[in-house]
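>>> Predicted model and sequence below, questions to follow.
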Amino acid sequence: MATTKDNGRAASGKCVEVPAAAHPLAQEPLDIASNINYHAQFSPHFSPFKFEMEQAYYATAESVRDRLIQQWNETYFYFNKVDPKQTYYLSMEYLQGRALTNAIGNLNIQDAYAHALNKLGHQLEEIVEQEKDAALGNGGLGRLASCFLDSMATLNLPAWGYGLRYRYGLFKQLITKEGQEEIAEDWLEKFSPWEIVRHDVVFPVRFFGHVEVNRDGFRKWVGGEVVKALAYDVPIPGYNTKNTISLRLWEAKAGAEAFSLFQFNDGQYESAAQLHSRAQQICAVLYPGDATEEGKLLRLKQQFFLCSASLQDIVTRFKERRNGKDGWKWSEFPSKVAVQLNDTHPTLAIPELMRLLMDEEGLGWDEAWDVTTRTIAYTNHTVLPEALEKWSQAVMWKLLPRHMEIIEEIDKRFILMIHSTHSGLESKISSMQILDKNPQKPVVRMANLCVVSSHVVNGVAQLHSDILKSELFADYVSIWPTKFQNKTNGITPRRWLRFCSPELSALITKWLKTDQWITNLDLLVNLRQFADNEKFHTEWASAKMANKQRLAHYILQVTGVSIDPNSLFDIQVKRIHEYKRQLLNILGAIYRYKKLKEMSPVERKNTAPRTIMIGGKAFATYTNAKRIVKLVNDVGAVVNTDPEVNNYLKVIFVPNYNVSVAEMLIPGSELSQHISTAGMEASGTSNMKFALNGCLIIGTLDGANVEIREEIGEENFFLFGATADEVPRLRKDRVNGLFKPDPRFEEAKELIRSGAFGSFDYNPLLDSLEGNSGYGRGDYFLVGHDFPSYMDAQARVDEAYKDRKRWIKMSILSTAGSGKFSSDRTISQYAKEIWNIEECRVP
């Protein structure tokens, strides 16, 4: 069939030669093409006779969705029939990325769909690009949750995810002369073809109101405002299995009865739809600003909305599955249900489950507490004080009066327990209790509530878990020594190698003579035997170069800057935060630029050319993070247009970093920076993605870097910086005036102050590195202390890169040592050691 194109798009009406016929489970390209055409005509979302790339994408997605729905239904019915213990993963964010590539990859139908689209005048690669990333998350927390869902499905585990359906996400990042600007995400501007609305799954969620006490002493939460939680299911297919699980997202709505016709006809249009407007706010934006009381209330509403809707759904399913099986006993609930809290955001699941069991189901306190504590487990993701949520007690009493009563009772009983059985801890009660009694600012400490109420608390890397046990939660460990575990994070090898790096993944399969590594990542260790094989080196370098060329093309597209694929691609992509130290990276780049300027042309030719790429979003109200974004762009604008050095150094800020951008950057990277202040990054997962793709790491002994270095070999990791146990002493030394800055550090700062990168006032940012103490001063994140060690490590990188044979061997050994970091391993450990669930494979 002809594939004439107009401006890169298939000409209208190209699909007329393929019959429009429903083949929902088609395997053959012609039948798939017919099914796509069928959706274009009979599930129309656009004007007829149009079949350009956008229309082709939606029709293709709906065709794939047919298969997913069939598998989802089979999985749901099978779980219902077998009634296994099931895990429910509660997370405020999921960073899913594009669904089309992942779905056809996991279903193993890429080739069939590529051929089918060719018959319709399109290329699969172009159609995939039409999909917008679902704006349901922000950073590592959300991406981890998505990797976990992929592994749960692939391992055939009975498990679901619960989240919120954010309409506008966090924000879309634009880079202008002023720096970062935020605009609303538009992923739902048309619609998402992957979600299935469940009009029969609706639960009431109450806010505000008051508590009534009945004559028999039973308490009931009444009044206030009630919104509806409506379920949207996103199917999550496992790799090479029928099992397809759910990510259930909640949307907040108000019913028709909440719309006042009287007020509307009286011209009071906003008042008439007040509850509708408030309901829409709940799922409008991820992490709305919380500087005002209204902002705090909205964030708390979001968290409670997720917890309440999800738990009502879980309880309903528990009852449905027990119907006809001698009814249900609440004591059996923890043997059928495991609830995992992904950080402290879903902490309100604890008092909400207690409320449902006591107020709705009539259980007494002791029985409800036993059920709750055996059901709920908590994953801690941070030791940063500002990220350990503390909510104002006044705001909590206002929004959730019944839950505050329950939290008070939990706290009271916990304190009584310490007095009666652990009197040696009485002096620690003020820091251990859930309700902080500080009269100036009484708060609810959500992490404390999680630790007291969960049957297991886990960290996400060995170093992080050790810090939790020895520092953050040390006093609780003396009460419950077996409650605390480590579960080192992992990533899905499907999205993060098999699909995003086809050349490298094909090469691995060829040399290992099996593709079983896709679901058993430990097999990568067998690549070590080829680490010195010249033919393997040549093919490895070729696969890496294909990814670098693809990345160079992408960078030219989005920034207009041409980069040389023969230069070292040095990448740092993650949320912009002072502890992640993008500032250290750009100061290093500035010093490198200064040295290059001072060299003669002959000296420059002996350097290793480098392209430094930095990407990530700065939270809208985080001023210093936004200054860092601006600085990277200002440095790039000067360096990239300087004819003396721009063949040897380029500095690029990659805009609007998300999963799809990561799938381009990570395979094309050769050096990746994971340079947080030691002891501050719980784990990190992008470090695992880079290492898996044969990218070498320059980093501190922080988070999962420690374990990555152990697995791939110390000689294949560029280590620098203070260790976690040295950090407190170094901060103390700084306060006491003992810090002596390295001259190179001073030179880099001075170049910024000189105006070499424009007239923007960077003094407030640089001031954070000056002085010995005080708010926003004293270099809390030890950028100055680690700078000389960082620059020395970068010099070792340059030397290693010049020796191509050595570098390629290190790259191969990096991939070969990444087997431990599969989320399949992580989830298997959660399943066995926390959730106590087993495989439930659909036959």
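Cool, the structure landed. The structure presented is a predicted model; accordingly, all values stated were derived computationally and were not measured.
>>> May I have the strand or helix carrying residue 402 exported as PDB, CA atoms only?
For residue 402, the host element (DSSP states H and E) is helix 401-421. Output in PDB follows, covering the C-alpha atoms of helix 401-421 (Å, rounded to 0.1, in the frame of the first residue of the first chain):
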ATOM      1  CA  PRO A 401     -12.500  15.800  63.800                       C
ATOM      2  CA  ARG A 402     -13.200  12.100  64.200                       C
ATOM      3  CA  HIS A 403      -9.700  11.100  63.000                       C
ATOM      4  CA  MET A 404      -8.100  13.500  65.500                       C
ATOM      5  CA  GLU A 405     -10.000  11.800  68.300                       C
ATOM      6  CA  ILE A 406      -8.600   8.400  67.100                       C
ATOM      7  CA  ILE A 407      -5.100   9.800  66.700                       C
ATOM      8  CA  GLU A 408      -5.300  11.200  70.300                       C
ATOM      9  CA  GLU A 409      -6.400   7.800  71.600                       C
ATOM     10  CA  ILE A 410      -3.500   6.000  69.700                       C
ATOM     11  CA  ASP A 411      -1.100   8.500  71.200                       C
ATOM     12  CA  LYS A 412      -2.500   8.200  74.700                       C
ATOM     13  CA  ARG A 413      -2.300   4.400  74.600                       C
ATOM     14  CA  PHE A 414       1.200   4.500  73.200                       C
ATOM     15  CA  ILE A 415       2.400   6.800  76.000                       C
ATOM     16  CA  LEU A 416       0.700   4.500  78.600                       C
ATOM     17  CA  MET A 417       2.500   1.600  77.100                       C
ATOM     18  CA  ILE A 418       5.900   3.300  77.500                       C
ATOM     19  CA  HIS A 419       5.200   4.100  81.200                       C
ATOM     20  CA  SER A 420       4.100   0.600  81.900                       C
ATOM     21  CA  THR A 421       6.600  -1.500  80.000                       C
END
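>>> Run through the neighbouring helices and strands of it.
Secondary-structure packing of helix 401-421 (3 or more CB pairs under 8 Å, 6 or more residues apart in numbering; DSSP states H and E): strand 210-213, strand 219-222, helix 349-355, helix 393-399, helix 429-432, strand 435-436, helix 446-453. (Glycine included, C-beta is placed from N, CA and C.)
>>> Out of these, which is closest to residue 415?
Of all the helices and strands packed on helix 401-421, helix 429-432 sits nearest to residue 415, with 5.9 Å by CB to CB.
>>> Buried residues of that closest one, list them for me.
By 16 or more other CB atoms under 10 Å, the buried positions in helix 429-432 come out as residue 432.
>>> try stretch 605-614
607, 609, 610, 611, 612, 613, 614.
>>> Among the residues you listed, name the ones in strands.
Among the buried residues of stretch 605-614, DSSP state E puts 610, 611, 612, 613, 614 in strands.
>>> Now for the fourth one: which residues touch it?
Residues near residue 613 by CB atoms under 8 Å, 6 or more residues apart in numbering: 555, 569, 570, 571, 572, 573, 652, 653, 654, 665.
>>> wait, which of these is closest to residue 299?
Once CB to CB is applied, the member of these that ends up nearest residue 299 is residue 573, at 26.5 Å.
>>> and that closest one, how many neighbours does it have?
Here the count is done by other CB atoms under 10 Å, and residue 573 has 22 residues near it.
>>> gap between it and residue 91?
Residue 573 sits at a distance of 21 Å from residue 91 (criterion: CB to CB, to the nearest Å).
>>> Using CSV, list the CA coordinates for stretch 101-109.
Output of stretch 101-109 as CSV, limited to C-alpha atoms (Å, rounded to 0.1, in the frame of the first residue of the first chain):
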residue,chain,number,x,y,z
THR,A,101,5.5,1.3,24.1
ASN,A,102,5.3,-0.4,27.5
ALA,A,103,2.0,-2.2,26.8
ILE,A,104,3.0,-3.6,23.3
GLY,A,105,6.4,-4.5,24.7
ASN,A,106,5.0,-6.4,27.7
LEU,A,107,2.4,-8.1,25.5
ASN,A,108,5.2,-8.9,23.0
ILE,A,109,3.3,-7.5,20.1
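>>> Could you check that stretch and say which residues are buried?
101, 102, 103, 104, 105, 106, 107, 109.
>>> Could you dump those residues into CSV with secondary structure and distance to residue 481 added?
Formatted as CSV, these follow (DSSP: H, G, I helix; E, B strand; the rest coil; distance: CB to CB, whole Å):
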residue, secondary structure, distance to residue 481
101, helix, 45
102, helix, 41
103, helix, 44
104, helix, 48
105, helix, 43
106, helix, 40
107, coil, 45
109, coil, 50
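>>> Include pLDDT and distance to residue 646 when you put the residues you listed into JSON lines, please.
Output for the buried residues of stretch 101-109, formatted as JSON lines (pLDDT from 0 to 100; distance: CB to CB, whole Å):
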{"residue": "101", "pLDDT": "96", "distance to residue 646": "34"}
{"residue": "102", "pLDDT": "97", "distance to residue 646": "38"}
{"residue": "103", "pLDDT": "98", "distance to residue 646": "42"}
{"residue": "104", "pLDDT": "97", "distance to residue 646": "40"}
{"residue": "105", "pLDDT": "97", "distance to residue 646": "38"}
{"residue": "106", "pLDDT": "97", "distance to residue 646": "42"}
{"residue": "107", "pLDDT": "97", "distance to residue 646": "45"}
{"residue": "109", "pLDDT": "96", "distance to residue 646": "45"}
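>>> just these now: which is nearest residue 468?
Nearest member of those to residue 468, counting by CB to CB, is residue 102, at 32.6 Å.
>>> give the contact list for that closest one.
Residue 102 neighbours (CB under 8 Å, 6+ apart): 150, 237, 494, 495, 499.
>>> Try it again at 7 Å.
Counting by CB atoms under 7 Å, 6 or more residues apart in numbering, residue 102 makes contact with 495, 499.
>>> Repeat that for residue 184.
168, 171, 172.
>>> Relative to residue 132, how far out is the last one?
Between residue 172 and residue 132 the computed distance is 10 Å (CB to CB).
>>> between these two, who's got more neighbours?
residue 172 (20 against 17).
>>> For the stretch 451-600 of the chain, just list every one of the strands.
457-459, 484-486, 568-573 (DSSP state E, counting those that start in this stretch).
>>> do you know which of those lies nearest residue 35?
strand 568-573 (37.3 Å).
>>> Name the residues that touch the closest one?
Applying CB under 7 Å, 6+ apart, the set of residues contacting strand 568-573 is 548, 551, 582, 585, 608-616, 654, 657, 662, 665, 668-673, 686, 801.
>>> Those in helices, which ones?
548, 551, 582, 585, 662, 665, 668, 686, 801 (DSSP state H).
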